[in-house]
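**Q** how would this look folded up:
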Amino acid sequence: MMFTGLPNLLWVLGYFRGASWTLKADLVSDFVCRLLNHMTGRGARKVSVALRPEDEDMVLAPWIDPETFNPGYLQRGVALLPRRGDKPEWAHSQDYWREKDELPRVDLDDPIFVYRDTTAKG
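**A** Okay, here's the model as predicted:
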């Protein structure tokens, strides 16, 4: 839902199969509210995600896995979409039952989150 190098941008795209589109939107919305509250508590105005050292050399793949979701309209434009890493935390999941438990437990103090206070000069 977040992209490296793009602060304050969260992408909301629902589930394609097996669960309602809005279930994913609800999970991401809850995450965004929690993240915004966390940013306020830290005095941060920007947040982005950074690759961990163990992710630096991961294989990049098309954002949509053609094995699990392959409509023609997405396959024709897949080169225009962001890419994903080959690790589960860098991929668009289709598993609501896993994400409903995982997303609320994301540690917002994990070094993967890079916070900045844009009011400070320098």
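
**Q** what segments of the protein are strands?
**A** Using DSSP state E, the strands found in the chain span residues 46-49, 60-62, 83-85, 113-116.

**Q** the last one pairs with which strands?
**A** Looking back up the chat, that one is strand 113-116. Looking at strand 113-116 with DSSP bridges, its paired strands and their directions are strand 46-49 (antiparallel).

**Q** could you check how far residue 67 is from residue 94?
**A** Residue 67 sits 11 Å away from residue 94 when distances are taken as Cβ to Cβ, to the nearest Å. (C-beta placed from N, C-alpha, C; glycine too.)

**Q** who has more neighbours, the two?
**A** When residue 67 and residue 94 are compared on other Cβ atoms under 10 Å, the one with more neighbours turns out to be residue 94, at 17 against 6.

**Q** contacting residues for the nearest residue to that one once chain neighbours are set aside?
**A** In space, residue 94 comes closest to residue 15 once its chain neighbours are excluded; the distance is 5.6 Å by Cβ to Cβ, 6 or more residues apart in numbering. Shown here is residue 15, whose contacts under the criterion Cβ atoms under 8 Å, 6 or more residues apart in numbering are 21, 23, 24, 94, 96.

**Q** may I have the distance across stretch 70-87, first residue to last?
**A** The distance separating the two terminal residues of stretch 70-87, taken as Cα to Cα, to the nearest Å, comes to 20 Å.

**Q** run through who's touching it.
**A** The set of residues external to stretch 70-87 that reach it, using Cβ under 8 Å, 6+ apart, is 3, 11, 55, 58-64, 66, 90-92.

**Q** same thing but 7 Å
**A** The contact list for stretch 70-87, computed with Cβ atoms under 7 Å, 6 or more residues apart in numbering, reads 3, 55, 58-64, 66, 90-92.

**Q** could I get the CA-only coordinates of the worst-scoring helix or strand of the chain on mean pLDDT as CSV?
**A** Ranked by mean pLDDT, DSSP states H and E, the weakest helix or strand in the chain is helix 72-77, scoring a mean of 84. Provided in CSV are the C-alpha atoms of helix 72-77 (Å, rounded to 0.1, in the frame of the first residue of the first chain):
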residue,chain,number,x,y,z
GLY,A,72,-6.5,-8.6,-20.3
TYR,A,73,-7.1,-5.0,-19.4
LEU,A,74,-4.5,-5.2,-16.6
GLN,A,75,-2.0,-7.4,-18.5
ARG,A,76,-2.0,-4.8,-21.4
GLY,A,77,-1.0,-2.0,-18.9
